[in-house]
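# When you get a sec, could you give me coordinates for this:
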Amino acid sequence: RSIVESSSVQPVADPTTDSDSRLQVLVPHKLRKPNGYSHQEALFGIPSYGASLQQFLYYADSDLCSLHFNDDAIARGGYPAREMDSSTGKMKRWPSPFILMVDRGQCTFVTKVRNAQHLGAAAVIIADNTCLCTSATCISDEGCRTDAITMRDDGSGADIVIPSVLLYKEDADLIKKELMSNHMVRIEMAWPLPTTNIVKYDLWTTPTNVDFLREFRDAAVALADRAHFTPHMCIYNGISYGCQSADGETQCYHLCTNNGRYCAIDPDNVLDKGISGADVVRESLRRICAWKLYGEQDGIGTKWWNYVILFTDRCSSDTNFMLEACVKSVMQNVLMDYTKVQDCMSNSGGLDGNVPNAILEKALMEKEKTGVVIVPAVYVNRRSLHGAVDLPVLFKAICSAFRDSEPAICRSCMYCADIRGCIQNGGKCSHWSELPHGSYGGGDNSYGGNGKRSGTISTDRYFSMMLLVVALMSGAAAVLYQRNRIEMRERVREIVTERISMEQQRVVEGGGGAEQLPTVARSMGSLVVENSGSFMIKSGGKTRLSSAGEVGDGVGYTPVSLEGDHNDAQQIL
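Next up, the predicted model:
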């Protein structure tokens, strides 16, 4: 079963500490546990570090192992029951987003989770089918097991982006019983990132995986003593893979050392020339020894990083990779003692003959314990970083794991669009990708070169800019109002002028009486009639209207002659 499910067996851990993630039942309250549910987190998928997921749980009545399963039929089954779909006459599908529970067995964990992801699940809970022998409440007809299961990647899980966990049988049975009684269960899954004052991170890699090492070197050095780094070389147990015969001879050609004990993949896949798997094992042992001598104590390993990069530049070709002269030259350039490194390799057991090597044996045990399948693989404070491993992902994970104050390089570059360029430029960022939480201005909480974030706006400047914007908008509104007022006056002038012209013409042609003018005066002010026949109306000491075409607010009218009888003078005005 361990081969089918790509799982490894480990001693049973304390249920409260066997995973850094948290699993809790929110509804119904009777299933809630004070410290959450004990579980094992998968080593594939992409959890939301520092976040949580709360959704309703559904139980699939399928093992989700078929590669060509009827997803619609599966999604319309399971528990709890839903109402019927009027368009199909079948039960409605699981409403997204949801968390899906599926029984363990029949295929790999990766296959189950991939198929659940295809069905639309936001996360997956694998219900264990065998009791742990340490459990006093678990009931099983198949006996019990003394080991805990690790949900390992079978090598094909790179396309899985949802998180998943394994829930132990005694707990899974209680939740399944509730679901199969058609009662809703709401689950919370959380992934708090462990925080410390000194972050520890581990990198699993090989000597031929050069791109990531070159990219991250400057970041590792810049983090200095605030982050403790440990490199691990990924090799394979040749005995487990059948590379050593019964008489102790190697059966895997040039892939292994120590008569088939320790093996590595041929990087160029050509067994009879170029770099061999045995060459990779030798360089792996050399790098482990170099780290023990020049990096293990301070956790930074500047010389180790310099050796790795310079070796890549000078010795990574097919002809130079296995040349000791090239290795010796590189070590001299980075101020390493070649003899001390060679002594470390020899004293651990060497690489010749059917004898174990203590350092490589330890590397195999650590690899098995961790469950590493795909390299490079990174762990930050013992938590695996899933998905693609690159500089931005690892740098942000490390910076997010500091409990109190992060290093200046984190404050300077964590939110920079070009993290590598920022690090290489001494913490100066040319373009920000996002605004960090709680940083608006200068001081220790701001971000930028030398620990201060350049390009942010202080509170005073922010409000000054806001006041300026308000002032500009107010000015624009005032100009627009004045313009509209002038246009209105011009329109009124045109209307009144036209009206008076029409009335003037009618009065002149039809005649009228001037005795009406005092009536107008009473309505608009005092009427003054001059001998010339012109007139003006005054009110409050100001000219309101005159036959000269004046009016108090500057509006002009066509002059009206008062000669003769003007009975319609009031109408004219």
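
# What is the subsequent helix or strand relative to the helix or strand that Tyr58 is a member of?
For Tyr58, the enclosing helix or strand under DSSP states H and E is strand 52-59. Next helix or strand after strand 52-59 toward the C-terminus (DSSP H and E): helix 71-75.

# pLDDT below threshold where in the chain?
Scanning the chain for pLDDT under 70 picks out 1-20, 49-50, 67-70, 193-195, 387-388, 404, 433-462, 496, 499-500, 503-573.

# Please name the residues that touch Asp279.
Applying C-beta atoms under 8 Å, 6 or more residues apart in numbering, one finds that Asp279 lies in contact with 321-322. Any C-beta I mention is one placed from the backbone N, CA and C, and that applies to glycine too.

# So it versus Lys328, what's the distance?
Remark: distance between Asp279 and Lys328 (C-beta to C-beta, to the nearest Å) = 16 Å.

# cool, and Thr370?
Distance of Thr370 to Lys328, given as C-beta to C-beta: 33 Å.

# Who has more neighbours out of the two?
Thr370 (19 against 15; other C-beta atoms under 10 Å).

# roughly how far apart are that one and Ser384?
Counting by C-beta to C-beta - Thr370 and Ser384 are separated by 8 Å.

# joint contacts of those two?
With C-beta under 8 Å, 6+ apart as the test, Thr370 and Ser384 both reach Ala377.

# Ala60 - how many residues pack around it?
23.

# residues contacting it?
Contacts of Ala60 (C-beta under 8 Å, 6+ apart): 74, 77-78, 100-102, 116.

# Look up how far Leu166 lies from Asp191.
Actually, residue 191 is Trp rather than Asp. Distance from Trp191 to Leu166, by C-beta to C-beta: 15 Å.

# And those two? Which one has more around it.
Leu166 (25 against 18).

# what's the spacing between the helix or strand containing the more buried one and its chain's center?
For Leu166, the element it lies in under DSSP H and E is strand 164-167. Its chain's C-alpha centre and that of strand 164-167 lie 23 Å apart, by C-alpha atoms, centre = their mean, to the nearest Å.

# Which SSE is immediately downstream of that strand?
Defined by DSSP H and E, the subsequent element after strand 164-167 is helix 169-180.

# tell me what that following helix is packed against?
Packed against helix 169-180 by the contact rule (3 or more C-beta pairs under 8 Å, 6 or more residues apart in numbering; DSSP states H and E) you find strand 52-59, strand 99-103, strand 123-127, strand 131-132, strand 185-190.

# going on from the shortest one, what's the next piece of helix or strand?
This points to strand 131-132. Using DSSP H and E, the helix or strand that follows strand 131-132 in sequence is strand 144-145.

# That following strand: how far from the chain's middle?
That offset, for strand 144-145, works out to 40 Å (C-alpha atoms, centre = their mean).

# helices or strands up against that strand?
For strand 144-145, the packing partners by 3+ C-beta pairs under 8 Å, 6+ apart are strand 131-132.

# Which neighbouring elements make contact with the strand it packs on?
Secondary-structure packing of strand 131-132 (3+ C-beta pairs under 8 Å, 6+ apart): strand 144-145, helix 169-180.

# Any chance of CSV for these, columns distance to Gln482 and mean neighbour count?
Output for those, formatted as CSV (distance: least, C-beta to C-beta, whole Å; neighbours: other C-beta atoms under 10 Å):
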stretch, distance to Gln482, mean neighbour count
strand 144-145, 87, 15
helix 169-180, 71, 19
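
# and of the ones you listed, who's closest to Ser240?
strand 144-145 (20.9 Å; C-beta to C-beta).

# nearest spatial neighbour of Ile139, skipping sequence neighbours?
Cys131 (7.1 Å; C-beta to C-beta, 6 or more residues apart in numbering).

# An error on my part: the question was meant for Ser245.
Nearest to Ser245 is Gln251, by C-beta to C-beta, 6+ apart, at 5.2 Å.

# next one: Met180
Tyr79 is the one closest to Met180 (C-beta to C-beta, 6+ apart), at 4.8 Å.

# Name whatever forms a beta bridge with that neighbour.
On the basis of DSSP bridges, Tyr79 is bridged to Tyr59.

# how close does it sit to Val102?
Relative to Val102, Tyr79 is positioned 12 Å away (criterion: C-beta to C-beta).

# Name the residues contacting each of these two.
With C-beta under 8 Å, 6+ apart as the test, Tyr79 and Val102 both reach Tyr59.

# what about the two, which has more around it?
More crowded of Tyr79 and Val102, by other C-beta under 10 Å: Val102, with 27 against 20.

# May I ask you to confirm that that one is in contact with Ile126?
Yes: at 6.2 Å, Val102 counts as touching Ile126 under the criterion of C-beta atoms under 8 Å.

# Overlap in contacts, the two.
Common neighbours of Val102 and Ile126 (C-beta under 8 Å, 6+ apart) are Lys112.

# before we move on, the earlier item: now the buried members of the contacts of Ala60.
Buried residues within the contacts of Ala60, counting neighbours by 16 or more other C-beta atoms under 10 Å: 74, 77-78, 100-102, 116.

# so can I have a markdown table of the residues you listed showing distance to Leu364?
Output for the buried ones among the contacts of Ala60, formatted as a markdown table (distance: C-beta to C-beta, whole Å):
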| residue | distance to Leu364 |
| --- | --- |
| Ile74 | 40 |
| Gly77 | 44 |
| Gly78 | 42 |
| Leu100 | 35 |
| Met101 | 35 |
| Val102 | 32 |
| Ala116 | 33 |
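
# From the residues you listed, pick the one nearest Leu310.
Ala116 (46.4 Å).

# And what about that closest one, helix, strand or coil?
Recorded secondary structure, Ala116: helix (DSSP: H, G, I helix; E, B strand; the rest coil).

# For it, give its distance to Ile160.
9 Å.
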